[in-house]
Every structure is written in C-alpha cells, then in structure tokens.
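K.L.:
can you look at this prediction? I've put the sequence above it.
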Amino acid sequence: MSTLTNEAPLLTAKDFATDQEVRWCPGCGDYSILAQVQKVMPGIGVPKENIVIISGIGCSSRFPYYMNTYGMHSIHGRATAVASGLKAARPELSVWIVTGDGDGLSIGGNHTIHMLRRNFDVNILLFNNQIYGLTKGQYSPTSEEHKVTKSTPFGSIDHPFNPLALAMGAEATFIARSMDRDPKNLQAMLTRAHQHRGASFLEIYQNCNIFNDGAFEIFTEKSTKAEETLFLEQGKPLIFGAAQNKGIKLDGFKPVVVELGEGVSADDLWIHDERDINKAQLLIRMFDNPKNAGHFPRPFGVFYETDRPCYEDLLRMQIEETIAAKGPGNLDKLLRGNEIWEIQ
Amino acid sequence: MEKQQVLLNDVVIKFAGDSGDGMQLTGSQFTNNTALLGIDLATFPDFPAEIRAPIGTVPGVSGFQVHFSSERVYTPGDICDVLVAMNAAALKVNLRNLKPGGKIVVNTEGFDARNLRLANYADGISPLEDGSLNSYEVIAIDVTKLTREALKEFADLGMKEKDRAKNMFVLGFLYWMYNRDLDNTINFLTDKFSKKPTILQSNIKVLQAGFNYGDTTETFSTTYTVEKAKLPAGKYRSIMGNQALSYGLIAAGEKSGLPIFLGSYPITPASDILHELSKYKTFGIRTFQAEDEIAAITSTIGAAYGGSLGITTTSGPGMALKAEAMGLAVMLEIPLVIVNIQRGGPSTGLPTKTEQSDLMQAYYGRNGECPMPVIASSTPSDCFDVAYEAVRIAVQHMTPIILLSDGYIANGAEPWKFPTSAELQPIDVSFKTTLDEGEVKFQPYKRDEKLVRPWAVPGTPGFEHRIGGLEKQDITGNINYEPENHQHMVNTRQAKVDKIADYIPLQQLDSGPEKGKVLVVGWGSTYGAIKSAVMELQAKGHAVSHAHIRYIRPFPKNLGEMLKNFDHVLVPEINNGQLVRILRDQYFVDAKAYNKIMGVPITKTELVLEIEKML
C-alpha cells in the first residue's frame, strides 16, 4: 500500500509505542513483529495521525493497543471489513490490518477474499502460527494434517489452506511471505507492502511458543534455514543452500532443484520476476511438507505484484465524475421530485 | 345509452394478475394519477417471493391495492370495491376481499381452460359462467384480443411484446372509468421508453385504446369521480416508505455536514434503500454493497470511526447476523444507524410479507447488557422524519440506533407534504480537535452532561487513540477488567441511552380524550388501521384514544402516566405480543394484546370489534 506522503516530523520507533503493557506470552513471535512494525513506521513518510491499525480477535489482534496510532480492536474475523469501510470513506489514511490464521482465514475468510478482490489500498499482516492461541490451543485452518490438539485428540483430518494460494485465487495484487525470526526481511517486506498501491497480503510465520512451539523451526533455525528456505529477490536467480550451491530451474512449467557447478550456472536458473503471474503461481505451490523427500525450499519475499485500480479511488472518481456531469446534489430538488400538486 | 357520472367519496381498487402482468406498474401509475389530482390515498403492494412463479398459478399472483378518497385516508382499505383480475388465479386469491356487489374487471383470455386448470378450478368450471359471481358486477373484457387488435399495425412487434402491453389497456379503461386523463402516464412512458420508440408508441396506443373502449362501448354507462381531499394546505408529492427513508437519511447527511456511508447487503424488503442511495452520488454518498450482512455493518463501523454518517440497512435475518457488530458499536460508542425493514419470520419466513416481529430482537437481541435506542416509523412519509431523527440521536448521543420499519410501510405510498431544506432543523455535530481547558491528554471515554464521549477521527494530530470491543476503563478507554469498572460501565451505557429521553418530545395522543375508557397503543405500520378504528368509535361517542409510539427505547418520559389515565390499554401488533410485554414490564400496566400474524396488515374492521369488547 502506498499513501500520499506529507512532510512528517522525524519520529523514532519509540514514538509508536504506547503506555500500555504488552501482554503477549514471554517469547511470543508477536514481540518481534511489533518491534519491526514500530521500526518501519517512522520511515514510511506518513504522519502518525494518518495511520490506522485495525485488528480482529486473537493474540495478534491485541496489536493496535501497542501502537501509538489510531486503531481499532474489532470483532473476530471482521478487521478486513472494518478497514474496507474506513478506507472507502477516508482514502487518505494509511490502513493496516493485523489478523491471524484463525481470524483472517477461518471466521473472517470471506472478508479477506473480498478485500483482496476489491483491492483496497491497505496492508494485511496475517500472523500465521498454525494454531488457535487465545482460545488455548485448537488446530487452525493452516495447521498441518494429523495435528493433535485439544480439539483433535486423534489428529486433525482437515486439509490446511495455503494462504498465499488463497490470496492469489482472490486476485490479490501483492503477495509476500516473511517470518518473525528474520527482522531484516520482515522490515523489508513491511516496507514493500506499504509501498504497493493496492491490497498487500503479507503472511508472517509467527511462532507460538506455548501451543505450537517450533512450527516453523526448520525455516527459522540457523542449522536448517539456509537449506530449507529460498529468499526471493527481483531479477535474481533462485539460489539457496548453506553453500549457495543450489538453484531452481524451470523445465517447461516444472521447477527442478539443481546443483550449481557441473555444467549448471546461475544463468540457467529461474530468474525471479514478481510481475510474472505464472511464475508466482509456481512459487506459491512450493508448499510441500519439509519432511517429504525431494521437497522444495519454502520461498520468502515478494512472490507477486501487479497494478490494478483501487476500490476507493474508483468510488471517489465515480462520485467526482457524477458531480462534474450533473452538479452537486440539491436537497430541495430531491425532496420536491418531479410531480407535485398543491392544496390551497 | 346516456352516459352518467357518479360522485364517490371513497374507492378501493385491487389490481391483480400474474407476476408478469405488470400489475405493480399499473397500480403505481394509477396511484400517481390519483395523487396529482389532490385525492388522498394509501397503497399496499402485495407480491410473491418468487420473481416469476409459474405463470397462471395461485402462488404467482401479484397484487396492488390503492385506496383513494376525498376524505383523509389512513389505510389501503380492508376490502375492495373493484377487483381487476387479469387471470383466474388472481380472481381466486382476491375474491374474498371484494365487498358484496363490488365490480370485477376481468381479462377473459385469462380464464381459458389452461388458466382455469392452473388456478385449480374444477374441470369444466369457469367462475365467469357458473353463476358464482352473480352477486358482483362483472365487467368481462377480452383484453388480450383487444390489445393485439390495437397493435395490428405494429408489424415489428412479436405477439409476446404486444401482449406485454395489455396492462396499459386495463389502465386506460380504469382512467376512463374514473374520469382521468392520460397525461402523467404518457409522460412516464415517454421517459421510460425514450430509447425504444416502437415500444413507447405501442404502449401509448394500447393505453388510449383502453380508454376509448370505455368511452365508445355502449355497455358501460357510468363513470365515477372522486374529488380532491381536504388535506392541510401545502405542496404535496407521492412517496413510498423506503424512498422517504432514503431521503430522510440524505437530508440528515446534508444538514449534519457528515458524508454518508451506506454498507448494505441486498435483502427483501430493504434493498430499495440501497438502490435509492446508490443513485445519489451527487450528494457525495458512498454506498458499499458488502459481501455479507456482517461486512455491511462492520464496514459501516469503520466508516463511522473515520467520521462518516454510517448507515446499514437490512431486514430481520440480516439483523440476526449483525448482532455481534451492534455490540461492538455499543462498546465503541460511535454513531451508527441500523435500519430494519421487518418481514415475516423466523428464518427466511415470508420475505415479501409484513410483520412487526423484530421488536424484541431490536430491544434485547444481543449478547451482554447492550442497550441501544430504538425508533419506529408508522407510515410511508413518516419514514422521512424518523430517519432524520435516527441520525440526530445517533450523532448527538454517540450511539448506534435501530430504526424499525416494515414491508408494508416500505412499499406503500401516500401523499407527502414535503418539507423544504430550510424547514429542517440543523443537526449539530462536531469532532474533537482541540483539548478543553485543563485537559492534558485526550481521553476518549470522558463524557459530557449527556454522558456522551467525544468523536475524534483519524487524521487529527495528537488525538491518536485505540478503541475496541474489550471492556473499557471509564475516561481513558484503556482495556480494563476490574469488577467495579465493569459495573460502572454497564450502568453508564444504560444511563446514556436512558438520558436520550431528555432530548426527545413527550408522547402525544394521536386522537381522543386524555382520560377515558380505552387507550389503543400502537407502534409502526398499524398506525392507519388503529387511527381509522379509533376515529370510527369516537364518532359513535366512545371515550377511546390512540397513542402511537415513535420512540420505543427509551420511551418518552410521560408515557407511563398517559397509560394510567385509561381503564383499559389495548396494544394491537402484527406479532405475538412484543410491545405489550415491554409496556407491562416497564409500567406494570395491565395492557391487553391484540395480535395477528398472517403476513398482512391488521384491518380497521377487526380492530373496531376488538376495541368494542372493552367498551
């Protein structure tokens, strides 16, 4: 999302903290996300009073209370809908939605897809911890199959969502993934989300150390991160691995992991192009279980970006064009109507 | 034969036909023609839930009743003087509401063997021939044949298109019968078919053919005239309930200076408000057709937080879905107008039929102690004032408010002595942009003498604050779980709504003495029936009065006293007894209920009988 920038006073991350005690569990991934958002905010060029953070319900949704901006902690699943109305009414505001895998993909799934379809110029930060934390540990729509939780003592039987595939299906114009344990990447993705004009969908892997500890360990821990993740950079070949010796090549429409050297150079690899919807679809589908043999590394970064008019701009234009063509509304004319009669 | 003219005071006509026969259009054209002559009127459209039920069947019958008079009219009439039946099914459905000796205008083509079978008449039996209509005056016209005949020069029109104009024949015939001219309908057609000259010409031709048929055919000797009604002096127009409601909202937007945001999801019978407000982009109105009822209200909450006049419109099932978000609006203490055009329930119920059965839902239907003001409109034109008033209460008391109307009012029409914009009371509202003297920091839940908190909108520097659905600490608005604070906040939210009673008018009697035998108390669309019944009994010398309640929560401060001035209190409602329970609860009064829940309005006649039992 991008918003018209004014000359903002120089602020620091501290200016975005509130006097409210942060009450997430010690060690929660949300702390890092809050810190990165507070660090990024002073640099986005939007005056503090023009920033609004809207959340639903869940652990992540306490977020607005800790940000010294305008904010609303709304009801379960509805943050995207609240934000739609606010952005339609006040397009000049920088609107950020904080939601989770339960809030945004389960109870609020409908609003999420319609928000993306309409392409309001907002940023959706979806904290994915693959568990219901606030209700103390039930499986979520992103929990892996066979997950044993309080509500699934014999293992879950639902197939999980791939959140980015859902976003792509709903025609999101900006799709990215980051993680709580990589502050640098997270800050970069938050900035990119802000810069995109349109609905930015940023999935953030977030560790719930109480109910689902280590869900993303394989992507975040030093020992495995390099082998199991793929950081996307625009115009750069897809290279990963501890020795940066692995790459991904396209064999027709089929991605193939190759070793660099022995006749394969970086020039042979798939070059990342955020504007290529077909390639983005393939990247999004690199979602296999890291336990499976021959799986792909999990991509992080910007998968896809495209330009499409924003709902609030079209709405404003329609109003302006109608007023330009017909003149501003006249209440007396409206009340009088076309056919009247008089009683003496 | 010599033609004669008869002067009538009061006529009720029911136009009935298949839902594809254009009866709603015919009825509304006749209504406009009537209104423009200064005759008082009330209408009642009655249509099936199916867009096109099987042609010719009983479920497919669509009706439009218009009551017009040189006296004041308060209801669309209990029974009809004239029934227009375009087919056998229409006759079957509506005959029981035709008064003995009444006229039936039938399209004979609609009574062929096929139509009779579809209307479930026994084999070989036609009501036109078996003598069953002997106590009525039947005017049988082969409308279809005459329409085709009138259009025989229109070579490019197919038979189907020609037949579609047959409602114009009937309309023309009735214009002749009631001594009307055709101008307003010709103007209407010219506007509607400006880009389809053939359709325009054919409709006008058939309209004139219907008129001329009455004029030249010797069979019909009598025409009828109803004179202008003695309405208060002023300029009038005809208005329908949902239209008036929309205008009230637009006017309130203009007079408060707040931009309107409407979040809505289509639902019968409320959708017309969404349609109407969507037309008026020139007033800067933002309408948002949301993905569901919940998004409709929550998007509106977002817009209201941003400083818009937030409105959401729906009907009963939508209200059920919005309930949680209403609770949020109560916690946030932001202004919001929630409009419920009630219909028959529960569940999907009777979508196109009328009912007053959502009062308890409006009053109590949310989790927690969740008080919200409730206001109700009583006639189509009253919707304007009530919508305007709902906005005033919402923005001046920083509260969501529920406006109850119903399908009967929504689709009914009546003459409206419309106001000028200068006559409308301004709605004062301001955003908090500066700290008061002595304030060091913005406190979002600090209250004024009305117990109302300030409205500070995003974009105001220095007033950044967070609100949400968790319990608030008084004054600061921070999350707070302390027992005493919750008690205090529950009490305060209630007191804030109760305090609205200081800012609304006292309850007036609509008619009748201040003390007496029976007080009939109503709310909403029973207004006309109660008024007519009470006035009839007053004319017979009975001490019967009528009070109609607009402000249902909180009630006007004098209502309890008013109830005590009568031996009996009767509360007629189109539900199973809802207002009556609230009155008993609040005032400990032995109010009696009269309930009917058949999807149709209560009639004057049945109310007169009911009130007489108490005299």
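P.N.:
That came in fine, so what should we check first?
K.L.:
going forward, measure contacts between C-alpha atoms and count neighbours the same way
P.N.:
Noted.
K.L.:
up against chain B, what does the stretch 201-344 of chain A have?
P.N.:
Residues of the stretch 201-344 of chain A lying near chain B by C-alpha under 8 Å from any C-alpha of the partner chain: A:315, A:318-319, A:322-323, A:326-332, A:334-337, A:339-344.
K.L.:
go again using 10 Å as the cut-off
P.N.:
With C-alpha under 10 Å from any C-alpha of the partner chain as the criterion, the stretch 201-344 of chain A meets chain B at residues A:312, A:315-316, A:318-344.
K.L.:
buried ones among those?
P.N.:
A:312, A:315-316, A:318-320, A:322-323, A:328-329, A:331, A:335-336, A:340-341 (16 or more other C-alpha atoms under 10 Å in any protein chain shown).
K.L.:
and the residues you listed, which two are the farthest apart?
P.N.:
Comparing every pair within those by C-alpha to C-alpha identifies A:312 and A:341 as the most remote, at 41.2 Å.
K.L.:
can you list the domain ranges for chain A.
P.N.:
A:13-232+A:273-305, A:237-271 (automatic domain parsing).
K.L.:
deepest in the core, which of those domains is it.
P.N.:
Each of the domains of chain A was scored by mean neighbour count; the highest is domain A:13-232+A:273-305, a mean of 21, by mean count of other C-alpha atoms under 10 Å in any protein chain shown.
K.L.:
how far away from the center of its chain is that one?
P.N.:
How far domain A:13-232+A:273-305 lies from its chain's middle: 5 Å, per C-alpha atoms, centre = their mean, to the nearest Å.
K.L.:
same deal with stretch B:20-32?
P.N.:
Distance, centroid of stretch B:20-32 to centroid of chain: 18 Å (C-alpha atoms, centre = their mean).
K.L.:
cool, stretch B:149-162 as well?
P.N.:
With C-alpha atoms, centre = their mean, you get 38 Å for stretch B:149-162.
K.L.:
and the end-to-end length of it?
P.N.:
10 Å (C-alpha to C-alpha, to the nearest Å).
K.L.:
if I pick residue A:104, what's in contact with it?
P.N.:
A:55-58, A:76-80, A:97-98, A:110-113, A:124-128, A:141, A:163 (C-alpha atoms under 10 Å, 6 or more residues apart in numbering or on different chains).
K.L.:
shouldn't it be within a helix?
P.N.:
Yes: under DSSP: H, G, I helix; E, B strand; the rest coil, residue A:104 sits within a helix.
K.L.:
can you report how many residues neighbour the closest residue to residue A:65 other than its chain neighbours?
P.N.:
What sits nearest to residue A:65 in space, not counting adjacent residues and going by C-alpha to C-alpha, 6 or more residues apart in numbering or on different chains, is residue B:466, at 6.1 Å. Residue B:466: 25 surrounding residues under other C-alpha atoms under 10 Å in any protein chain shown.
K.L.:
so how far is residue B:332 from residue B:466?
P.N.:
10 Å.
K.L.:
where do the contact lists of those two overlap?
P.N.:
With C-alpha under 10 Å, 6+ apart as the test, residue B:466 and residue B:332 both reach A:72-73, B:444, B:477.
K.L.:
report the two of the residues you listed separated the most.
P.N.:
Of all pairs drawn from these, the greatest distance, 14.6 Å, lies between A:73 and B:444 (C-alpha to C-alpha).
K.L.:
which single residue of the stretch 1-150 of chain B ends up nearest chain A?
P.N.:
residue B:36 (5.6 Å; C-alpha to the nearest C-alpha).
K.L.:
residues contacting that residue?
P.N.:
Residue B:36 makes contact with A:339-342, B:184, B:228, B:236-238, B:415, according to C-alpha under 10 Å, 6+ apart.
K.L.:
now the helices for the stretch 101-250 of chain B?
P.N.:
B:113-118, B:143-150, B:159-163, B:166-177, B:183-192, B:197-216, B:241-256 (DSSP state H, counting those that start in this stretch).
K.L.:
report the residue spans of the stretch 101-250 of chain A with pLDDT below the cut-off.
P.N.:
Counting by pLDDT under 70, the stretch 101-250 of chain A contains no low-confidence range.
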